[in-house]
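>>> after the sequence you'll find the predicted model.
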Amino acid sequence: MKKIISVVTVVFVQLFLINIDANAEPVSALSEQNTMSVLWFQKAGEAKGLYYQGYNLGKMRLDKIMSKKRGRNNLKPAIVLDIDETILDNSPHQAWYVLAGRKVPFNWNEWFKRTEAKPLPGAVEFLQYANSLGVEIFYISNRYESQKTATIMNLKNVGAPQVDLKHVLLKQPGEIGKETRRRLVAKTHEIILLFGDNLGDFSGFDRLSVSNRNNAVVRLKGEFGKKLILFPNPMYGDWEGAIYNYTSKLSDEEKIKLRRAFLETYR
C-alpha cells in the first residue's frame with residue numbers, strides 16, 4: 001500500500017512540475033494573475049512605507065523650494081498630482097475583480113460612483129501641508145468628465161484641500177495623455193512638483209514602448225525625487241499597456257502570452 005501511495009505521489013509531483021514549466025501554455029485567468037499584485041498593494045508594509053517615503057520627500061522638497069526666491073514671471077507656485085493610486089486607493093475594486101473573475105465586466109464607473117476610496121498613506125497630510133504654505137494644488141486625472149461629481153465628492157470626503165471645478169482637471173474627449181492639462185496649468189503657475197503612480201503622470205512618456213519608457217527614465221533619473229515623485233502600482237498602468245503595444249482588443253490568452261514573453265530568465 002505504501003508503495004502505491006509513493007508511486008502516486010511521484011506521478012502527481014511530475015504532473016505539477018510539467019504544469020508550471022516555463023514553456024507550458026498559460027492556463028490562468030487574466031484576473032487571477034493579479035492576485036499577488038493586489039495583495040502586495042493592500043497588505044505589504046513596504047507599499048505603505050513607499051507612500052510615506054514619497055510624501056515625506058515631497059514635503060522636504062516643498063520646504064526647500066518655498067524657502068528660496070522663486071518665480072518664473074512671478075507665477076504662483078503649484079503642485080500637480082494624479083488621483084488614483086496616488087491620493088485615492090482603488091485596490092478594493094481591483095480585489096473585487098480578482099475574485100469575480102470574468103463573470104462580470106471590470107467597471108471603473110461603478111466603483112467611482114460609490115465614492116468609497118480611502119486615502120493612501122501620507123497623501124492628505126501632505127496636501128494639507130502644501131495648502132498651508134499657499135501652494136496651489138491641481139488634481140489631474142484620466143478619469144472622465146462624467147465622473148467629476150463623484151471624484152470631487154470622494155476627494156472632499158478624505159479631506160483633500162482645494163477640491164473644486166478649477167483644480168480637478170479630468171480627461172477631455174480626444175486626449176491621449178495629460179500633457180494638454182499640465183500645459184494649461186503651466187500658463188498661469190510655476191509647477192514645482194509632480195506626483196503620480198504612472199510615468200504618464202509626467203511629461204514625455206505617453207505611448208512609449210517598454211524599452212523606450214525605461215530609456216526615458218534613465219535620461220530623467222536626476223528628476224526623480226527632485227521634481228518628480230513616483231509611487232508604486234503593480235496592479236495596472238501604462239507599464240502594462242506598453243507590453244500590449246497599447247492594443248485594447250487583445251484576448252486574455254494573447255495578453256497572458258505577451259506577459260510571459262516579456263519575462264527575463266536564465267538559460
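Structure received.

>>> where do the helices of the stretch 1-150 of the chain begin and end?
Ranges of helices within the stretch 1-150 of the chain are 2-19, 35-43, 45-67, 91-100, 108-114, 123-132, 148-157, based on DSSP state H, counting those that start in this stretch.

>>> adding mean pLDDT, write those helices out as TSV.
Putting the helices of the stretch 1-150 of the chain into TSV (pLDDT from 0 to 100) gives the following:
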stretch	mean pLDDT
helix 2-19	43
helix 35-43	98
helix 45-67	97
helix 91-100	93
helix 108-114	96
helix 123-132	98
helix 148-157	98
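
>>> got those as a markdown table, with distance to A216 and mean neighbour count columns?
Yep, even glycine has a C-beta here, placed from its N, CA and C like the rest. Compiled in a markdown table, the helices of the stretch 1-150 of the chain are given as follows (distance: least, C-beta to C-beta, whole Å; neighbours: other C-beta atoms under 10 Å):
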| stretch | distance to A216 | mean neighbour count |
| --- | --- | --- |
| helix 2-19 | 38 | 9 |
| helix 35-43 | 23 | 16 |
| helix 45-67 | 20 | 15 |
| helix 91-100 | 26 | 17 |
| helix 108-114 | 27 | 15 |
| helix 123-132 | 26 | 19 |
| helix 148-157 | 29 | 18 |
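
>>> closest one to F231 among the ones you listed?
Comparison of those against F231 by C-beta to C-beta identifies helix 45-67 as nearest, at 5.4 Å.

>>> packing partners of that closest one?
Counting contacts by 3 or more C-beta pairs under 8 Å, 6 or more residues apart in numbering; DSSP states H and E, helix 45-67 is packed against helix 35-43, strand 76-81, helix 123-132, strand 189-196, strand 228-230.

>>> buried set for the fourth one?
Translated: strand 189-196. Under the neighbour-count criterion of 16 or more other C-beta atoms under 10 Å, strand 189-196 has 189-196 buried.

>>> I'd like to know how many residues surround K171.
19 (other C-beta atoms under 10 Å).

>>> which phi and psi does it have?
phi -70, psi 130 (degrees, to the nearest 10).

>>> what's the spacing between the residue nearest to it when sequence neighbours are not counted and E46?
Closest residue to K171 apart from its sequence neighbours, by C-beta to C-beta, 6 or more residues apart in numbering: N142 at 4.7 Å. From N142 over to E46 the distance is 26 Å, taken as C-beta to C-beta, to the nearest Å.

>>> from D206, how far off is G225?
For G225, the distance to D206 - C-beta to C-beta - is 22 Å.

>>> before we move on, what about K48?
Using C-beta to C-beta, we find K48 at a distance of 29 Å from D206.

>>> what's next to stretch 231-241, contact-wise?
Residues outside stretch 231-241 that contact it (C-beta atoms under 8 Å, 6 or more residues apart in numbering) are 34, 37-38, 40-41, 47, 50-51, 54, 85-86, 91, 94, 120, 195-200, 205, 210, 213.

>>> now do it: distance to the chain's middle.
5 Å (C-alpha atoms, centre = their mean, to the nearest Å).

>>> ditto for stretch 35-42
13 Å.

>>> stretch 210-226 too?
The answer for stretch 210-226 is 16 Å, by C-alpha atoms, centre = their mean.

>>> end-to-end on that stretch?
24 Å (C-alpha to C-alpha, to the nearest Å).

>>> give the buried residues for that stretch.
213, 216-217, 220.

>>> name the residues that touch stretch 114-121?
Counting by C-beta under 8 Å, 6+ apart, 48, 51-52, 55, 84-90, 92, 111, 150, 153-154, 157-160, 231 sit against stretch 114-121.

>>> swap the cut-off to 6 Å and go again
With contact meaning C-beta atoms under 6 Å, 6 or more residues apart in numbering, stretch 114-121 is reached by 48, 51-52, 88-90, 150, 153-154, 158.

>>> how about that stretch as CSV, C-alpha atoms only?
The C-alpha trace of stretch 114-121 is given here as CSV (Å, rounded to 0.1, in the frame of the first residue of the first chain):
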residue,chain,number,x,y,z
ARG,A,114,-19.5,54.8,-4.6
THR,A,115,-17.0,57.5,-3.5
GLU,A,116,-15.6,55.0,-1.0
ALA,A,117,-11.9,55.1,-1.9
LYS,A,118,-9.7,55.8,1.1
PRO,A,119,-6.6,58.0,1.1
LEU,A,120,-3.2,56.5,0.6
PRO,A,121,-0.6,56.8,3.4
